[in-house]
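J.: sequence and predicted structure, then a few things I'm wondering about:
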Amino acid sequence: MSDNPFESHTLEEWARKDPTLAEGVRQYRTKQIREGGEGITPANARSWTVHQLLTAEFPDPVWIIPGIVPAGLSILGGRPKVGKSWFLLQIAHSVGMGGKLFNLQLEIGKVLYLALEDNAKRLQERLKASKVPEDARIVFHTEWRPLNDGGIGDLLIELEGDDYKLVILDTLSRAVPGVDQNDPTTIGPIMADLQSLAINRDIGVLLCDHIRKPMGFAGDPIDDIISSTAKTAIADTILALYKEQGKPGAILMGRGRDIQEINLKLQFDQSTSCWQSEGDARELSLTERRQEILDALSAVGEANLSEIASLVDQKKSNTHRRLGDLVNAGFVTRQKKDGKVVYERT
């Protein structure tokens, strides 16, 4: 038997002692199998010269949801009852079947779904409502040891034993009971372990979390995640689902190291229990504001800039710009009357 300490225990034993040590064992054995370190690649190297960085050929990034969720640690936040769990199930369904999400084609892969706020009956009802087929590659657990008390090691062992592409954890609070999420010395190491598990395997780990109550200004996923300074600094991608006040839809916002800013307007389809994307929320918002101007002009006949801005409750500068767009597009006419510029719908 070898005297090497890395070979004197099973990976499972190392995981129970310390997940970090277990990861070291896994990497060491991988290098041994590949004959003396030949397995070191740009993807897992940890030190570089400038020449090495400039000449290295890196693999293409791995995407769980193209352009939205890359491999790594991601957080999906939202207020209670906005549809986060339905969205997570929709993601699991799309990955587990290699289907489409928001018209984006996803690569098929196995999903480990830790549904810690649900029971089997509720999951069954949601699966039926979402029309998830029996052969979807999703494994559900409704109980899991706390991440801060052996759960990370259990997760490492589970990932070593199967070829998972995505881990969904709903919710983070249930997974770390009793942990002060405002304290970076307690929540930080847990987040770092989860990120390492994801990055070292090129898989996604998606955590469901909560955001603060809207304060009357535009939301920002990074600022709004509860206890954000202790968590969002480590996570690779931050998503948040914002419910539109008084409207049936929602806005999905996203910020991250490897993605462009995401602002999607979503509508919940009751017939499929799935969220559908209507496109970029910012562009749609501009279109809606223009429509408000057209509706106001239809009601009053003609009006000047100040009157229109007051009618639609928009800033004069924004109203002026949108009126210019509408005039150029032929929807509105502009003319002078009694020394004032007035607008009228064509």
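T.: Noted; the coordinates are in hand.

J.: send me stretch 172-184 as PDB with only the CA atoms.
T.: What follows is stretch 172-184, C-alpha atoms only, in PDB (Å, rounded to 0.1, in the frame of the first residue of the first chain):
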ATOM      1  CA  LEU A 172     -30.400  29.100   0.900                       C
ATOM      2  CA  SER A 173     -31.900  30.100   4.300                       C
ATOM      3  CA  ARG A 174     -33.200  26.500   4.700                       C
ATOM      4  CA  ALA A 175     -29.800  25.100   3.800                       C
ATOM      5  CA  VAL A 176     -27.900  27.100   6.400                       C
ATOM      6  CA  PRO A 177     -30.300  27.200   9.500                       C
ATOM      7  CA  GLY A 178     -29.000  29.300  12.300                       C
ATOM      8  CA  VAL A 179     -26.200  30.900  10.200                       C
ATOM      9  CA  ASP A 180     -25.900  34.700  10.400                       C
ATOM     10  CA  GLN A 181     -25.900  35.600   6.700                       C
ATOM     11  CA  ASN A 182     -24.800  39.100   7.600                       C
ATOM     12  CA  ASP A 183     -21.500  37.700   9.000                       C
ATOM     13  CA  PRO A 184     -19.000  37.100   6.200                       C
END
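
J.: tell me the average confidence for that stretch?
T.: For stretch 172-184, the mean per-residue pLDDT is 89.

J.: starting at the chain centroid, how far to it?
T.: 20 Å (Cα atoms, centre = their mean, to the nearest Å).

J.: repeat for stretch 173-191
T.: Using Cα atoms, centre = their mean, we find the averaged C-alpha position of stretch 173-191 to lie 20 Å away from the chain's own average C-alpha position.

J.: what's it in contact with?
T.: Stretch 173-191 has contacts (Cβ atoms under 8 Å, 6 or more residues apart in numbering) with 73, 114, 116-117, 144, 146-148, 151-152, 169, 172, 207, 209-210, 226-227, 229-231, 234-235. Using the backbone N, CA and C atoms, a C-beta is placed for each residue, glycine as well.

J.: which SSE is the residue nearest the centre of the chain in?
T.: Per Cα atoms, centre = their mean, the C-alpha nearest to the average position across the chain is that of Leu239, at 3.7 Å. Using DSSP states H and E, Leu239 sits in strand 237-243.

J.: list the helices and strands that strand packs on?
T.: Judged by 3 or more Cβ pairs under 8 Å, 6 or more residues apart in numbering; DSSP states H and E, strand 237-243 is in contact with strand 69-70, strand 72-78, helix 221-224, strand 250-256.

J.: dump those into CSV; add mean pLDDT and mean neighbour count as well.
T.: What follows is those, written out as CSV (pLDDT from 0 to 100; neighbours: other Cβ atoms under 10 Å):
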stretch, mean pLDDT, mean neighbour count
strand 69-70, 93, 24
strand 72-78, 92, 26
helix 221-224, 77, 20
strand 250-256, 88, 21
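
J.: CSV for those, including distance to Phe58?
T.: What follows is these, written out as CSV (distance: least, Cβ to Cβ, whole Å):
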stretch, distance to Phe58
strand 69-70, 13
strand 72-78, 15
helix 221-224, 26
strand 250-256, 18
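
J.: picking that back up, adjacent strands (with direction) for the strand holding Leu239?
T.: Sheet pairing here is set by DSSP bridges, and for strand 237-243 it gives strand 72-78 (parallel), strand 250-256 (antiparallel).

J.: can I get those strands in CSV including distance to Arg345?
T.: What follows is those, written out as CSV (distance: least, Cβ to Cβ, whole Å):
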stretch, distance to Arg345
strand 72-78, 39
strand 250-256, 29
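
J.: in the stretch 101-250 of the chain, which spans are strands?
T.: Defined through DSSP state E, counting those that start in this stretch, the strands belonging to the stretch 101-250 of the chain, from first to last, are 104-105, 110-115, 138-141, 164-170, 204-210, 237-243, 250-256.

J.: quick check: angle from the fifth one to strand 72-78?
T.: It refers to strand 204-210. Calculated by axes from the mean of the first three to the mean of the last three Cα atoms, to 10 degrees, strand 204-210 forms an angle of 20 degrees with strand 72-78.

J.: mind checking which of the helices and strands packed on strand 237-243 is nearest Arg289?
T.: strand 250-256 (15.4 Å; Cβ to Cβ).

J.: which members of the contacts of stretch 173-191 are classed as buried?
T.: With neighbours counted using 16 or more other Cβ atoms under 10 Å, the contacts of stretch 173-191 contain these buried positions: 73, 114, 116, 144, 146-148, 151-152, 169, 172, 207, 209-210, 227, 230-231, 234-235.

J.: my guess is the residue nearest to the centre of the chain contacts Ala250. True?
T.: No. Judged on Cβ atoms under 8 Å, Leu239 makes no contact with Ala250 at a distance of 11.7 Å.

J.: from Ile225, how far off is Glu261?
T.: As defined by Cβ to Cβ, to the nearest Å, Glu261 lies at a distance of 16 Å from Ile225.

J.: between those two, which is the more surrounded one?
T.: Neighbour tally, Glu261 and Ile225, criterion other Cβ atoms under 10 Å: the higher count belongs to Ile225, 27 against 10.

J.: longest helix of this protein?
T.: In terms of residue count, the longest helix belonging to the chain (DSSP state H) is helix 281-300.

J.: next one: it to chain centre, how far?
T.: 30 Å.

J.: what helices and strands are in contact with it?
T.: strand 262-269, helix 305-312, helix 316-328, strand 332-337, strand 340-345.

J.: hmm, back to that, and the strands of the stretch 101-250 of the chain as CSV, adding distance to Ile187?
T.: Formatted as CSV, the entries for those read as follows, by distance: least, Cβ to Cβ, whole Å:
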stretch, distance to Ile187
strand 104-105, 31
strand 110-115, 17
strand 138-141, 22
strand 164-170, 14
strand 204-210, 11
strand 237-243, 15
strand 250-256, 19
